[in-house]
Structures are given as structure tokens and as C-alpha cells.
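> heads up, no residue letters with this:
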Ligand code: AMP
Ligand code: FE
Ligand code: FE
Ligand code: ZN
């Protein structure tokens, strides 16, 4: 049997519902051999995950960076997974802090808009719900659920709510700068769910080719937000560009229905990620 390698998961350090120690324990219980912790725009979960790492499980420390491509109008948000990078690299640290601050501002503005429309959600309560982790729309979704306005997180992402009507942009990291900074920090950048049309607009293949030339290492193909045809397209593009291909759950605890290990990465792709990293942060073994 192939080893279970899940390279995209979230904890309470961002918008997941399991704490980092709970996340690594759940990964071991799910039978995974390798798990990556990839919270949005933060490395705050790394240390607590490391401290709690169960025997036999390997931990890849990473993050999912909120990026933006300004090659089209309006500009497009996209997510870049970054693995095994130096968490103290000053420019990257500064960008992550800036994006987290931008997330706070955007969250507060979304809440102000909701309140202006008479919807009773409270920013301090949402902040408390995020528990000090990177704030995201899933935390606002919980407030909409508490207020009885929607039943589920995915309903809260519908067009009447956070998916469109109350969707506001945030100031993300320029994607070329992000790729450069991750590589400069010894890490390995992989484009998360690049073809997920069900999430909204997607970038053209030409941009992915430009990113590959700029240092992008891989593409996430197997992801619940990709249809079978989209997964095949991503695989073909990766083959054309010489990029590695990953598959991951993008687990968020109870904020999403997907389970740990629902999609996995081939050992060859995982080994390539490890080999391409500078070694400043190594895969940890429990
Ligand atoms: P944000 O990072 O604040 O823009 O919010 C995006 C996050 O919301 C993603 O990382 C997912 O965790 C979550 N998300 C996006 N779409 C959905 C959906 N349809 N159902 C549940 N969660 C979603
Ligand atoms: Fe998320
Ligand atoms: Fe994502
Ligand atoms: Zn994610």
C-alpha cells in the first residue's frame, strides 16, 4: 500500500477547528504517514504541532499564502502552499504579518456591512471565535450560523452571503513576490487548487507557465474543489511544465466536510518537495 501523504491541512492557527496537537493526533489516527500543517498566512501552529507529533508520523511544516495576480482587472486572489521554508526569513515574515493585518481589516469591514444591513453579528465575538488564529471568512460564517441565518459553513459561502454579496477583497501578496520569497527562504511553493472553478474565477495556464519559470515547484491536482476533468487538466499542465503534482484533503475540521487523507500525494512528489527544500527546516519525525 502507498504511504498516506496529505500535504494540505488547517488547524486553529487559522480556520481549522482542531488545535495543532489535535490535528497531528487525528492525522495519525487516520493512518497517515506524512501530514503537512498549512495554515493560512501563519506558522504559529508549527511548534505546538511539533511538540505533540505522534510516533511514526512525519510532519511537513508549511503555510498557505494568500496571494494575488494583478495581470487581470479586477485582480485575482489565489493560494500558494509553501513547504519547509525558514519561518524567520524577514521579508516573508513581514508579508505574512501584513496579510494577517489585512485580513483583520477586511473581516471588520465585512461585519460592518452585515450590521449596516441589520444583521446581528459581532466583530469582537468573531475575533474571540478565531482564538488568536488567522481570521478568515469561515469565522464570520460561524457567526452567521450562530445568528440562525444559515445552517452550514458552505451555505454561508453562497452568493447571498460571504461568497458574493458580502465578499470583500483583502490585500494579498503579489504571487510572483511570494514565489520568490518562499524560494529565498529555502522553501518549496506549490499552487493550491489552481483550477477550482467552483470557487470562482481561475488564472490562465499562461500565468502558471510564468510562475513555473519564476520558481513554482508544483500544482495541487487532487483536491475536492477540482472536477475529474480539472484534475486531468492540472496533471497535463504539470507534465508540460515539468512541475510536480500533489493531492491533499485541505482538511479544516468541522468547517468543511472533507476528511484527513481524502486525497493524497505520491511518494515521488513528496520526495521531490523535500529534495528541493534548502534543509533549513526539515521534515520532523515523531
Ligand atoms: P478567506 O481566506 O477569509 O478568504 O476565506 C476562504 C476560506 O474559506 C478558504 O480557505 C476555506 O477554508 C473556506 N471556504 C471557501 N469556500 C468554502 C465553502 N464553499 N465552504 C466552506 N468553506 C469554504
Ligand atoms: Fe481555509
Ligand atoms: Fe486554499
Ligand atoms: Zn487550504
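Received, thanks. Owing to the predicted nature of the structure, the values given are computational and were not obtained by experimental measurement. Ligands and ions are numbered 1, 2, ... in the order given.
> what's the local residue count around residue 159?
With neighbours defined by other C-beta atoms under 10 Å, the count for residue 159 comes to 10. For the C-beta atoms, the positions are set from N, CA and C on the backbone; glycine is no exception.
> shouldn't it be in contact with residue 165?
Yes. Between residue 159 and residue 165 there is a contact under C-beta atoms under 8 Å: 6.5 Å.
> can you pull the contacts of residue 163?
Each residue near residue 163 by C-beta atoms under 8 Å, 6 or more residues apart in numbering is listed here: residue 157.
> what about residue 26, how many neighbours?
Residue 26 is flanked by 20 other residues according to other C-beta under 10 Å.
> that one: what's it in contact with?
So, once contact is read as C-beta under 8 Å, 6+ apart, residue 26 ends up touching 18, 260.
> point me to the helix or strand that includes the residue of the stretch 51-200 of the chain found nearest ligand 4.
Closest contact between the stretch 51-200 of the chain and ligand 4, by C-beta to the ion, is at residue 64 (4.7 Å). The secondary structure element spanning residue 64 is strand 58-69 (assigned by DSSP states H and E).
> how much space between the residue nearest to residue 105 when sequence neighbours are not counted and residue 75?
Using C-beta to C-beta, 6 or more residues apart in numbering and skipping the chain neighbours, the partner closest in space to residue 105 is residue 170 (7.5 Å). From residue 170 over to residue 75 the distance is 11 Å, taken as C-beta to C-beta, to the nearest Å.
> neighbour-wise, which of these two wins?
The residue with more neighbours, out of residue 170 and residue 75 and counting by other C-beta under 10 Å, is residue 170; that gives 21 against 14.
> isn't that one right up against residue 106?
Yes. Using C-beta under 8 Å, residue 170 is in contact with residue 106, at 4.1 Å.
> which residues in the stretch 1-150 of the chain form helices?
Per DSSP state H, counting those that start in this stretch, the stretch 1-150 of the chain has helices spanning 20-29, 46-51, 90-116, 123-130, 137-146. These are given in chain order.
> how much space between the residue lying closest to residue 46 once chain neighbours are set aside and residue 53?
Excluding the flanking residues, the one nearest residue 46 by C-beta to C-beta, 6+ apart is residue 61, at 4.7 Å. Residue 61 is 11 Å from residue 53, where distance means C-beta to C-beta.
> between these two, which contacts overlap?
residue 284.
> which residues sit in contact with the residue of the stretch 1-150 of the chain at minimum distance from ligand 3?
Distances between the stretch 1-150 of the chain and ligand 3 by C-beta to the ion are smallest at residue 79, namely 3.7 Å. With C-beta under 8 Å, 6+ apart as the criterion, the residues that contact residue 79 are 64, 65, 66, 67, 191, 192, 193.
> need the pLDDT of the second one.
Residue-level confidence at residue 65 comes out at 98, pLDDT.
> what bridges to the closest residue in space to it that isn't next to it in sequence?
Closest residue in space to residue 65, ignoring its immediate chain neighbours: residue 80 at 4.5 Å, by C-beta to C-beta, 6+ apart. Beta-bridge pairing of residue 80 under DSSP bridges involves residue 65, residue 191.
> tell me how many other residues crowd residue 80.
Applying other C-beta under 10 Å, I find that residue 80 has 22 neighbouring residues.
> list, one by one, the residues from this structure near ligand 4.
When proximity is defined as C-beta under 5 Å from the ion, the chain approaches ligand 4 at 64, 250.
> just list the residues touching residue 203, thanks.
Applying C-beta under 8 Å, 6+ apart, the residues near residue 203 are 69, 76, 78, 194.
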